[in-house]
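Colleague: Starting from these lines, generate the structure:
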Amino acid sequence: MGFSFKLPGSKRLWIGLAIAAVIILAIAIGVPVGLTQRNKKSDDTPPASQSFYNPDRGLFTEWDIRASRYEPPTTNNFLTMTRKGNSVVLYPIYLDSYINSAIESTFLSNLATLLSSTKQAGLKAIIRFAYSNTINAKPADAPINIVQQHISQLTPILRANADVILLFQAGFIGSWGEWYYTQNYGDQGVYNSAQWEDRVKVIDGVLGMVPNKFVLLRIVPYKQRYLGIDQGGASVAPTVVSANAFGADAKARLGFHDDCFVGDENDEGTFRSTADIEFLKSETLYVPMTGESCSTSDSSSYTCPISLSRTAAEHYSLLNDDQYPAILEYWKKNGCFDDIVKNLGYRFIYSPPSWYTGAQTGTNGGKYRMTGWTGMGIRNTGNAAPFNAYGLDVILVPIGLMEGNGTMDGTGVGYVGQLSGVDVRFIAGGTSNYVVPEMAFEVDQSLVGGSGTYGV
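Modeller: Now for the predicted structure:
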C-alpha cells in the first residue's frame, strides 16, 4: 500500500515510493493543548516490486541531435519516453556543420527550444557534444580553439536552461564524443603531453558551462590524471569522501559513464586493473555512475548474477534503454531485467514511526503541529544515493484516499510533514534504516473537535 506523485521541476521526493509499511493513525482533535494519539495500527505491506518514474534514475532514451539535419523529438516521441517509465533523455549533440567555424545563431536557438521542450515533457537531459558519429570520420573532431569558441557560445544557453540539464558527459573529443578515435587529441588512447593539456582544457570548459552540474568522464584514468594522482593502474585513494562530497571543486563534480558495461572483465579497456574498479566504486558513492552495454563475444560477462552485482557495487543510477540490444534481451529472457532497472539509482523504503506527541503552535493560521515522531526510518534499497539535493516530505492522508476511495488531486487534502536535517545524497544504497531526526505535521484547525483516521 503506498502512494506517490511527482510534479515536473519539483525539488522534493515523496516517501512512499517503495513503501514497506503504512501507519494508520486515528486522531481525535478537540483540545486546545494540541494533539494526542488515539491508536496506531501498522500495516506491514510488502515493498512494491515495480520500478518507479522518479527523477535522475532508471533507464534513459538516447536521441541524436545534428546541426546538419536538426530533427528534435516530437510530443509523441517524448510521450513514448515517459510511458516507458524513463525520466531522462541523453542528447548526443553533433556539431558536424561547425568543425571549422562558429555555431550559427539558428542552431543555438534550436538548442534552447529543445531544452525547453524537454522540460515541458517532464524529462531531464544528459548532454554530450561531439562532431562525428563514425569511427572513420576525418576529422573526428574540431581543434581546441574551435572547441573553446563553441563552449563559449553554448554556455549562456545551457545556463539559462540549467534546471532541465541533469548531467554533462565530457564529450567534444573523438567519434561520438567518447575521447578515443580522434586526430586532434591523441588517437586510441595514445596522447602526448600537449594533447593531454588540450584534453584538460575541454574538461575545464565543460565544468565551467554550468558550475553546479556533474561532468562524466569515460574512464578512471582521465579523472586520476586530471587531478594529478594517476599511478598507472595502481591503487589510488578516493578523492571524494563524505567531508568534501557535493562540493564545487572538480574532484567532487567528476563522475563516470561506462560505454561498454559488462563487455568483458575490464569492459573493453575501461579498467586497467582491479584498483581502477575499486577506485570507481569508492568515487561513485558520491558522484554519478551511468552507462550502457556494448557488443561483446564474452557471454560470461553479462550473466544475471554478474550484472546485478556490478550495478549495485558500482552504484549505477542510469543505463541506456537501447544498448546493447542482445544484452538487454538476454537480461529479459533470464529474468533479471526488471530487477536491474528497479534498483538503478535510489529506492527508498520507510518504516513507520512508533509514536508521536502533539503541541499547539499558537495561532499560526489555526494550525496545530504534531511533533516528536519516534522510530521513523528510511532505507535505500537501490544501487545509489540521489546525486542531487532534494527535500523529503511525508503526507498524512485520510485513509479513504489510500484505500482508493478518493484521489490525491493537489487541492489540499492531506497534510504535508517536512523532514528536517536529512540530506538524501548521503543515504547510500543498501544501507540499514536511516532514522529521521525530526518530522512535523501542521494540521488544519478544521479537524478540531472531530476525529479522523489517516495513513502516512
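Colleague: And stretch 118-130, how far out from the chain middle?
Modeller: Stretch 118-130 sits 13 Å away from the centroid of its parent chain (Cα atoms, centre = their mean, to the nearest Å).
Colleague: same thing with stretch 114-126?
Modeller: 15 Å.
Colleague: for that stretch, how far is the first residue from the last?
Modeller: This stretch, stretch 114-126, spans 13 Å end to end (Cα to Cα, to the nearest Å).
Colleague: Name the surrounding residues that touch it.
Modeller: Here stretch 114-126 makes contact (Cβ atoms under 8 Å, 6 or more residues apart in numbering) with 8-9, 55-56, 60, 65, 72-73, 75, 78-79, 81-82, 86-91, 157-158, 161, 163-169, 216, 290, 318. All C-beta atoms are positioned from the backbone trio N, CA, C, and that covers glycine.
Colleague: can you pull out the strands in the stretch 101-250 of the chain?
Modeller: 124-130, 165-169, 215-217 (DSSP state E, counting those that start in this stretch).
Colleague: Quick one: closest of those to Gly232.
Modeller: Gly232 lies closest to strand 215-217 among the strands of the stretch 101-250 of the chain, at 17.2 Å (Cβ to Cβ).
Colleague: which helices and strands sit right next to that closest one?
Modeller: Counting contacts by 3 or more Cβ pairs under 8 Å, 6 or more residues apart in numbering; DSSP states H and E, strand 215-217 is packed against strand 165-169, helix 193-209, strand 254-261.
Colleague: which stretches of the stretch 1-150 of the chain aren't confidently modelled?
Modeller: Applying pLDDT under 70 to the stretch 1-150 of the chain flags the ranges 1-47.
Colleague: let's see it at 90
Modeller: Scanning the stretch 1-150 of the chain for pLDDT under 90 picks out 1-54.
Colleague: Relative to Gly177, how far out is the spatially most central residue of the chain?
Modeller: Geometric centre of the chain, nearest residue: Asp56, 2.6 Å, by Cα atoms, centre = their mean. Asp56 is 21 Å from Gly177, where distance means Cβ to Cβ, to the nearest Å.
Colleague: and what of Gly335?
Modeller: Distance of Gly335 to Gly177, given as Cβ to Cβ: 35 Å.
Colleague: Same check on Gly85?
Modeller: From Gly85 to Gly177 the distance is 27 Å (Cβ to Cβ).
Colleague: More neighbours: those two, which one.
Modeller: Gly177 (26 against 15; other Cβ atoms under 10 Å).
Colleague: who touches that one in this structure?
Modeller: Contacts were defined as Cβ under 8 Å, 6+ apart; by that measure Gly177 touches Pro92, Arg128, Phe129, Ala130, Tyr131, Asp141, Gln169, Ala170, Gly171.
Colleague: before we move on, what about Ile203?
Modeller: Shown in contact with Ile203 (Cβ under 8 Å, 6+ apart): Ala170, Val215, Leu217, Tyr222, Tyr226, Ala250, Leu254.
Colleague: go on, Asp322?
Modeller: Thr61, Glu62, Leu328.
Colleague: One more: Leu308?
Modeller: Cys336, Asp339, Ile340, Asn343.
Colleague: could I get the helices and strands packed on strand 215-217 as TSV with distance to Tyr98 and mean pLDDT?
Modeller: Below are those laid out as TSV (distance: least, Cβ to Cβ, whole Å; pLDDT from 0 to 100):
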stretch	distance to Tyr98	mean pLDDT
strand 165-169	19	99
helix 193-209	16	99
strand 254-261	24	98
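Colleague: which parts of whichever strand or helix holds Lys281 are buried?
Modeller: Lys281 belongs to helix 274-283 when assigned by DSSP states H and E. Neighbour-count burial for helix 274-283, counted by 16 or more other Cβ atoms under 10 Å, picks out Ala275, Asp276, Ile277, Glu278, Phe279, Leu280, Ser282, Glu283.
Colleague: who touches the nearest residue to the last one once chain neighbours are set aside in this structure?
Modeller: Closest residue to Glu283 apart from its sequence neighbours, by Cβ to Cβ, 6 or more residues apart in numbering: Val240 at 5.5 Å. Contacts for Val240 were tallied using Cβ under 8 Å, 6+ apart; they are Lys251, Ala252, Ser282, Glu283, Leu285, Tyr286, Val287.
Colleague: was I right about the fourth one contacting Ala237?
Modeller: No. Counting by Cβ atoms under 8 Å, Glu283 sits too far from Ala237 to count as a contact (10.7 Å).
Colleague: are any of the contacts of Leu308 buried, and which?
Modeller: Counted by 16+ other Cβ under 10 Å, the contacts of Leu308 give Cys336, Ile340, Asn343 as buried.
Colleague: Just name the lowest-scoring one in those, pLDDT-wise.
Modeller: Across the buried ones among the contacts of Leu308, the bottom pLDDT score, 95, is held by Asn343.
Colleague: Many thanks, we can stop here.
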